[in-house]
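Chemist: Test case, fold it:
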Amino acid sequence: MTITNNTTRLLAAIAIATSAAVMFVGCTGGTTMNAAPTKASDEAKHLVVDIVDRSTAALGGEWTVRSGPAVQACALPSGGSGAAFAYIVDRAAGGEPTADIGKLKTLWEREGVTTEVYQNGGSNPVGGVRGTGGPTTSIDLYADPKGYTVEGLSVCTEGDAAEMQRNGE
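Modeler: Below is the predicted model of the structure:
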């Protein structure tokens, strides 16, 4: 019964984190960049994977890739469609959420990311830190004591996301 409850809680935490990231991106106008794209899609993909991987290395533990880096459509400031990369990893319980939130806040701010520490509601609130800018459009740590999730979304670059998906991106 404990394994089932822990698995259910971990899956719920992942679902909540993913929903929060989607809502966060939705509230900021999607993946549209304010400035013209300056990075090629390969560079954008590399940068989001790099910052997520450095974030997980700073926290330690064994991380599992849940998605990506996966290409998705995004809106360019010019009104055209572009391509961005989403990368999601998670880890089982471990660590100290408050300290880990502080570690990533510091790391991300050094990278030019504007950060915001948050806490969800409920009887057992879960905290995290999210950010925008720097090498990403958005990045988020959902620091549930039962398991962590780090999600990154690259900047939007010129490119045809549908064609890139057909080509195996």
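
Chemist: hey, let's count contacts and neighbours off CA atoms from now on
Modeler: Fine.

Chemist: sec struct for residue 105, please.
Modeler: Three-state call for residue 105 (DSSP: H, G, I helix; E, B strand; the rest coil): helix.

Chemist: so it makes contact with residue 139?
Modeler: No: when contacts are counted by CA atoms under 8 Å, residue 105 is not listed as touching residue 139 (10.6 Å).

Chemist: which one of these two has more residues nearby?
Modeler: Neighbours were counted for residue 105 and for residue 139 using other CA atoms under 10 Å; residue 139 has more, 29 against 24.

Chemist: That one touches residue 149, doesn't it?
Modeler: No: between residue 139 and residue 149 there is no contact, the gap being 10.5 Å when judged by CA under 8 Å.

Chemist: Does residue 47 touch residue 135 like I think?
Modeler: Yes: under the criterion of CA under 8 Å, residue 47 lies in contact with residue 135, with a separation of 6.0 Å.

Chemist: what do the two both touch?
Modeler: Residues touching both residue 47 and residue 135 comprise residue 154, with contact defined as CA atoms under 8 Å, 6 or more residues apart in numbering.

Chemist: Quick check: pLDDT value at residue 41.
Modeler: Listed pLDDT for residue 41 reads 84.

Chemist: Which residue, other than its chain neighbours, is closest to it?
Modeler: The shortest distance from residue 41 to any non-neighbouring residue, by CA to CA, 6 or more residues apart in numbering, is to residue 157 (5.6 Å).

Chemist: OK, contacts around the residue sitting nearest the centre point of the chain?
Modeler: Averaging the C-alpha coordinates of the chain gives a centre point, and the residue nearest to it by CA atoms, centre = their mean is residue 151 (1.9 Å). Contacts of residue 151 were listed using CA under 8 Å, 6+ apart, and they are 21, 52, 86, 87, 88, 89, 139, 140, 141.

Chemist: so which strand or helix has the residue nearest to it when sequence neighbours are not counted?
Modeler: In space, and not counting its chain neighbours, residue 151 is closest to residue 88: 4.4 Å by CA to CA, 6+ apart. Secondary structure from DSSP states H and E places residue 88 in strand 81-92.
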